[in-house]
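Visitor: just a sequence and a predicted model for now, questions to come.
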Amino acid sequence: MTGSALTTSDAVLVGHAMTARIAQKEGFRALLVKGPLAAELGVRTPRPSSDVDVLVEPGRVSEMKRCLVAQGWSERKSADAPRFYPLHSASFYHHSWPCDIDVHEHFPGFFADRTTAFAHLWSRRSKHVIGGIDVYAPGSIDMALAVAAHSVRNQASDARAQELTQVASFLKADRSRLDSALESATVLRAVTALMPLWSAIGVDDELSPDLSESELQAWELLRQSPGDSSALHWLVAFRSRTRLARIRLALRAAKLLVLNRDGSDDYFHRSRRDRLRHGLREIQSLRREIAGGQPTRTPQLRMRGRGDTK
Amino acid sequence: MISLRSSAADRILVLGETTETPLVLEDSAAAIWSYTDENISAGEIVERVAQKYGMQPADIRADVLSFLRELADLSLVCRVPQRGAEQV
């Protein structure tokens, strides 16, 4: 009587409730970001999500990870790349679930320190009930900022560009929403990172930058590689090497990005396929970079030392 | 216990406290699951299912009871002794 396939959208929904239940049981705070709750809050139109994004309060991320592992989830190994800024999340997969769970230690684009940012988001949270479980998410304004930050990172995608337009419309519809968004972005130190959003709304001229030069470069780096930042870290590394070293690096990158990027053997997982396709595109870009001797998509990129960015 | 109705079709998704993956219940399984919320006996659930699908209770009794035992084994439902009623 049972045994029907679990669809991705259903898995994402149950995944929201499951991660919220873990947080509730273990006694820490967690916010579900983007996904179906963004549509429920009216920030954007409904669209299929392939991941669960959960932002965990600072200092408790390892507990969430431990609980997921105890329930059969495995952490995707991050690709072995030189790191010029820290990873913002860890992805978990389960062979019987057609979605990943991304556990965020902080949300990319929000440059306030993690404790300040989380406390701010939590103080303005929204409450939802999924499958009988209380699920917390940012309030609608902060969810709009989170969706916008994600869209800004992926602006080359038509879907993300459309999403940014929807968020802009949502905030523009009510001056109090926009004021609240600007105030919140100031607390989160997301004003500069979200400049395309303010530009779409038409208020960018009124705003002052809130990022240091190195923070801005870190953000630009992340924007260059929206799906997985590893390729960009590789690209930065390429530019600092001799020709021979570049060839060696290319071979290493190809092996890690395509053949065994995350250590899992689940090559037919939809989420994994999406990421693999992204990795292949990144490799093609890297090849063009090597062949042309110039970066294909990062003309403004300048080399920074490890640890220079926050 | 996480129990929710899928946005697509007539499906119910159930994730217990100790199960790793959600059960996807459709059709008669979803109907049986919804009846377990009503504090009725296993025998009454058999009757309800038979009525819903226009079948004889005797024809589906074994399947329904087997499914209820499966749910109980997964700790998704519990057996509550009721005087004079059939137990799962």
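Guide: Yep, that arrived.
Visitor: packing partners of the helix or strand containing B:Phe67?
Guide: Per DSSP states H and E: B:Phe67 is located in helix B:57-73. For helix B:57-73, the packing partners by 3 or more C-beta pairs under 8 Å, 6 or more residues apart in numbering or on different chains; DSSP states H and E come out as helix B:27-35, helix B:42-53. Bear in mind the C-beta positions are built from the backbone N, C-alpha and C, glycine included.
Visitor: how far away is A:Asp10 from A:Ala161?
Guide: Applying C-beta to C-beta, to the nearest Å, the value for A:Asp10 to A:Ala161 is 28 Å.
Visitor: how about A:His16?
Guide: From A:His16 to A:Ala161 the distance is 26 Å (C-beta to C-beta).
Visitor: pretty sure A:Ile22 is touching A:Ala70, no?
Guide: No. Contact criterion C-beta atoms under 8 Å: A:Ile22 and A:Ala70 do not qualify, at 9.3 Å.
Visitor: in the stretch 1-150 of chain A, which spans are helices?
Guide: Using DSSP state H, counting those that start in this stretch, the helices assigned to the stretch 1-150 of chain A run over residues A:8-26, A:35-40, A:61-70, A:114-123, A:140-153.
Visitor: redo the ones you listed as JSON lines? Include mean pLDDT and distance to chain B.
Guide: Listed next are the helices of the stretch 1-150 of chain A as JSON lines, based on pLDDT from 0 to 100; distance: least, C-beta to the nearest C-beta, whole Å:
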{"stretch": "helix A:8-26", "mean pLDDT": "96", "distance to chain B": "5"}
{"stretch": "helix A:35-40", "mean pLDDT": "96", "distance to chain B": "9"}
{"stretch": "helix A:61-70", "mean pLDDT": "96", "distance to chain B": "10"}
{"stretch": "helix A:114-123", "mean pLDDT": "96", "distance to chain B": "23"}
{"stretch": "helix A:140-153", "mean pLDDT": "96", "distance to chain B": "19"}
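Visitor: let me see the contact set for the closest residue to chain B within the stretch 101-250 of chain A.
Guide: Residue nearest to chain B within the stretch 101-250 of chain A: A:Gly131 (3.6 Å; C-beta to the nearest C-beta). Residues counted as contacts of A:Gly131 (C-beta atoms under 8 Å, 6 or more residues apart in numbering or on different chains) are A:Leu13, A:Val14, A:Ala17, B:Ile2, B:Ser3, B:Leu4, B:Leu13, B:Leu15.
Visitor: for A:Phe92, give its distance to chain B.
Guide: Distance, A:Phe92 to chain B, by C-beta to the nearest C-beta, to the nearest Å: 12 Å.
Visitor: correct me if wrong: that residue contacts A:Gln71.
Guide: No. A:Phe92 lies out of contact with A:Gln71 (C-beta under 8 Å); the separation is 9.5 Å.
Visitor: so between those two, which is more surrounded?
Guide: A:Phe92 (26 against 16; other C-beta atoms under 10 Å in any protein chain shown).
Visitor: more neighbours: A:Asp10 and A:Ala161, which one.
Guide: Remark: of A:Asp10 and A:Ala161, A:Asp10 carries more neighbours, 24 against 16, as counted by other C-beta under 10 Å.
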